[in-house]
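J.: Sequence and predicted structure, then a few things I'm wondering about:
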Amino acid sequence: MNTLFTILLLLAGIIALLLIIGLFTRKNYFIQREITINASKEKVFNYLKHLKNQDNFNKWVMVEPDMKKEFKGTDGTVGFIYAWNGKKAGEGEQEIKGIEEGKNIDMEIRFVRPFTSIAITSFGIEAVSASQTKVTWSNASKMAYPMNVIVTMLEKMLAKDMDTSLNNLKNILEKQVV
């Protein structure tokens, strides 16, 4: 009986500690990753603005290729929504909120499951030369208390996954024949 009480007391202490840490941990995060792709700015921009192309390079989409997907609107235009629902990938939707032709694509990602949150993400596209393009991908959000205790861990995980996705994008676009 003493062992069970000790285990319960230890668990309560760990939970209390995490709740206290959450009070002093930041709630916002911002991640930005970039890559240079050996392809023209037009080619890169035109590929990225179509959210359905994320099926080919985005690690989070590729984790569950058979998940249920719904599309609303015209892909590559403001207002287009890409919704998903899967066991591994969770549930949510991504909407194109703004497009600055040839330069920037702004999106809002609304997560439903595994937990509710909203992230603002964008792709910045910049010519390095006629045949090289720098893609800058940013992701920002806010984690509510007490979930904010995982912000640092989440940033590291997202940065790694964004790097993987950008490398997939680079491989795809550099292999495509113009």
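T.: That came in fine, so what should we check first?
J.: What is the distance between the helix ranked longest in the chain and the centre of its chain?
T.: Secondary structure of the chain per DSSP state H: the longest helix is helix 151-175. How far helix 151-175 lies from its chain's middle: 9 Å, per Cα atoms, centre = their mean, to the nearest Å.
J.: In terms of secondary structure, what does it contact?
T.: When contacts are defined as 3 or more Cβ pairs under 8 Å, 6 or more residues apart in numbering; DSSP states H and E, helix 151-175 packs onto strand 28-37, helix 41-48, helix 54-57, helix 59-62, strand 132-142. Heads up, the C-betas are built off the backbone N, CA and C, glycines and all.
J.: pLDDT weak spots in the chain?
T.: 1, 18-19, 21-23, 148-150, 176-178 (pLDDT under 70).
J.: what lines up beside the strand ranked longest in it in the sheet?
T.: With DSSP state E setting the assignment, residue counts place strand 117-129 as the longest strand in the chain. Looking at strand 117-129 with DSSP bridges, its partner strands are strand 104-113 (antiparallel), strand 132-142 (antiparallel).
J.: Show residues contacting it.
T.: Outside strand 117-129, the residues that touch it by Cβ atoms under 8 Å, 6 or more residues apart in numbering are 36, 40-41, 44-45, 48, 94, 102-111, 133-144.
J.: Now tabulate the strands paired with strand 117-129 in CSV and tack on mean neighbour count and distance to L169.
T.: Formatted as CSV, those follow (neighbours: other Cβ atoms under 10 Å; distance: least, Cβ to Cβ, whole Å):
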stretch, mean neighbour count, distance to L169
strand 104-113, 17, 13
strand 132-142, 18, 7
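J.: tell me which residues in the longest strand of the chain are buried?
T.: A119, T121, S122, F123, G124, I125, E126, A127 (16 or more other Cβ atoms under 10 Å).
J.: Make a markdown table from these and add distance to T3 to it.
T.: Listed next are the buried residues of strand 117-129 as a markdown table, based on distance: Cβ to Cβ, whole Å:
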| residue | distance to T3 |
| --- | --- |
| A119 | 43 |
| T121 | 48 |
| S122 | 53 |
| F123 | 54 |
| G124 | 57 |
| I125 | 60 |
| E126 | 61 |
| A127 | 66 |
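J.: Name whatever forms a beta bridge with the most centrally placed residue in the chain.
T.: Central residue of the chain (Cα atoms, centre = their mean): N139, 6.2 Å from the mean position. Counting by DSSP bridges, N139 forms beta bridges with I31, T121.
J.: That one is in contact with M162, isn't it?
T.: Yes - assessed by Cβ atoms under 8 Å, N139 is found in contact with M162 at 6.9 Å.
J.: Find residues that contact each of these two.
T.: I31.
J.: Grab the nearest non-local neighbour of K72.
T.: Once flanking residues are discounted, K72 sits nearest to I81: 4.2 Å by Cβ to Cβ, 6 or more residues apart in numbering.
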